[in-house]
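Trainee: Got a sequence here, can you build the structure:
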Amino acid sequence: MLVHTVFFWLKADLSNALKEKFAKNVKTLGDIFSVESFHLGTPAPTPKRPVVEDSYDYAITVILKDMDAHNEYQADPIHLAFVDKCKDLWERVVIYDAD
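Mentor: Numbers count the residues shown, from 1 in each chain. Predicted structure coming up:
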């Protein structure tokens, strides 16, 4: 199993329409064939602690069977379309992959 977690910091000056565009398009990543499980979220209102990073706007967690499934995910037309449509909407992306 491979856990692919991505954190997105959207540009601060985005209109509500552009934020909605991002939210609509990021959800399509769950439709990729190699995805076993997909979760989308925003920072939870947990208590502030020095070890909690909650400055991001959206996070996705994608569960994939293995590295081959990850590579298929990265090359999938849905993923490529998402990046193409939304890459101008974020200022920062951080990815953590764990097996």
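Trainee: quick one: contacts for the residue nearest the centre of the chain?
Mentor: Centroid check for the chain by Cα atoms, centre = their mean gives residue 60 as the closest residue, at 3.8 Å. Neighbour list for residue 60: 5, 6, 8, 26, 29, 38, 39, 40, 41 [criterion: Cβ atoms under 8 Å, 6 or more residues apart in numbering]. The way it works is simple: take the backbone N, C-alpha and C, and place the C-beta from them, glycine included.
Trainee: Show me which residues of the helix or strand harbouring it are buried.
Mentor: Applying DSSP states H and E as the criterion places residue 60 in strand 58-64. The neighbour-count check on strand 58-64 (16 or more other Cβ atoms under 10 Å) flags 58, 59, 60, 62, 64 as buried.
Trainee: ok so, going back, so the residue nearest to the centre of the chain bridges to which residues?
Mentor: As for beta bridges, residue 60 partners with residue 6, residue 40 under DSSP bridges.
Trainee: got a pLDDT number for it?
Mentor: On pLDDT, residue 60 comes in at 98.
Trainee: Which two of the buried residues of strand 58-64 have the greatest separation?
Mentor: The distance between the two most remote of those (Cβ to Cβ) is 19.1 Å, for 58 and 64.
Trainee: Phi, psi for residue 49 please.
Mentor: Here is the backbone geometry of residue 49 (degrees, to the nearest 10): phi -140, psi 150.
Trainee: so where is this protein shaky, pLDDT-wise?
Mentor: For the chain, applying pLDDT under 70 flags no range at all.
Trainee: Strands of that one, start to end?
Mentor: 2-10, 35-41, 58-64, 90-98 (DSSP state E).
Trainee: Only alpha carbons, please: show the third one as PDB.
Mentor: Going back to what we said before, that points to strand 58-64. Output in PDB follows, covering the C-alpha atoms of strand 58-64 (Å, rounded to 0.1, in the frame of the first residue of the first chain):
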ATOM      1  CA  TYR A  58      -7.100  21.600   1.400                       C
ATOM      2  CA  ALA A  59      -5.500  18.200   1.900                       C
ATOM      3  CA  ILE A  60      -6.100  15.000   0.000                       C
ATOM      4  CA  THR A  61      -5.100  11.500   1.100                       C
ATOM      5  CA  VAL A  62      -5.000   8.900  -1.700                       C
ATOM      6  CA  ILE A  63      -4.600   5.200  -1.000                       C
ATOM      7  CA  LEU A  64      -3.000   3.300  -3.800                       C
END
